[in-house]
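Undergrad: Kindly generate the corresponding structure for this input.
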Amino acid sequence: MIRLFTMADAITLANGVAGTASILATLQYMDTRDGRILWLAFCLLPLSLIFDVADGRVARRRQAGSSDLGRELDSLADLISFGVAPAVLGFAVGLRGAWDAVVLVFFVSCGLARLARYNVSADALSDDMGKVRYFEGTPIPTSLLLVAVLMVLAWSGRIDDAIPLGWTRVLGGKVHPLVGMYFLSGCAMISRVRIPKL
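TA: Okay, the predicted model is just below:
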């Protein structure tokens, strides 16, 4: 199978590797509470974005376009790096109430649905060069804005019991209002808003 991979596919795979490493680092942080490991988990996600941007550019420069394998690989890597990893980070820094978990699962599900919609509509939205003219719904890498918020909170010591806005109980379950940023991000991903692709 590896023989089928192009250079762009290998870069896409690096995106998924960085995202998976971020998840594992986050889990290690939850076990050890070593802040250095949490920062490693944070920093791996911008690296994923670099790989995500680079794979498309390499494919276009080599005039390979986007193969079916490459498109699916890209979506799976993006789901790991920009869907699951940010949700796991949110959970690790303190969004661990029952309703927080529901919202985090909703967020990942929205990312999954958005990527699936993109895959089935990309050909119809592409120009003569095979480049998609616009995104429908916010692209899943915009979840790095959520990660940036978590980084600022971690840097300022506002995680775990010190999370801004505190928490409340709804229908017997605990929820942190801050998890609303994940809810809004998920809704934006599955919206019909058209965003021009740069």
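Undergrad: Skip ahead from the secondary structure element (helix or strand) that Val152 belongs to and say which helix or strand is next.
TA: Val152 is located in helix 144-155, with elements delineated by DSSP states H and E. Downstream of helix 144-155, the next assigned helix or strand under DSSP H and E is strand 168-170.
Undergrad: Name the strands paired with the following helix or strand past that next one and say parallel or antiparallel.
TA: Downstream of strand 168-170, the first helix or strand assigned by DSSP H and E is strand 173-175. Strand pairing for strand 173-175, using DSSP bridges, gives strand 168-170 (antiparallel).
Undergrad: okay, now Ala113: neighbour count?
TA: Using other Cβ atoms under 10 Å, Ala113 has 14 other residues around it. The C-beta positions use only the backbone N, C-alpha and C, and glycine is treated the same way.
Undergrad: Now do the residue nearest to Pro139 when sequence neighbours are not counted, the pLDDT please.
TA: In this structure, Pro139 finds its nearest non-sequential neighbour in Ile195, 7.3 Å apart by Cβ to Cβ, 6 or more residues apart in numbering. Per-residue pLDDT puts Ile195 at 80.
Undergrad: do Met1 as well
TA: 63.
Undergrad: Other residues contacting the lowest-mean-pLDDT helix or strand in the chain?
TA: Least confident helix or strand of the chain, by mean pLDDT, DSSP states H and E, is strand 134-136 with a mean of 78. Outside strand 134-136, the residues that touch it by Cβ atoms under 8 Å, 6 or more residues apart in numbering are 117-118, 121, 125, 192-197.
Undergrad: Name the helix or strand for Met181, please.
TA: Of the helices and strands defined by DSSP H and E, Met181 is found in helix 180-189.
Undergrad: Tell me where this protein has helices.
TA: Counting by DSSP state H, the chain has helices at residues 7-32, 35-61, 68-79, 85-92, 98-125, 144-155, 180-189.
Undergrad: quick revisit: ok, the residue nearest to Pro139 to Phe82 distance?
TA: 15 Å (Cβ to Cβ, to the nearest Å).
Undergrad: between the two, who's got more neighbours?
TA: Using other Cβ under 10 Å, the more surrounded residue of Ile195 and Phe82 is Phe82, with 28 against 14.
Undergrad: which regions of this structure lie under the pLDDT threshold?
TA: Low-confidence segments of the chain, defined by pLDDT under 70: 1-4, 59-60, 62-67, 122-132, 198.
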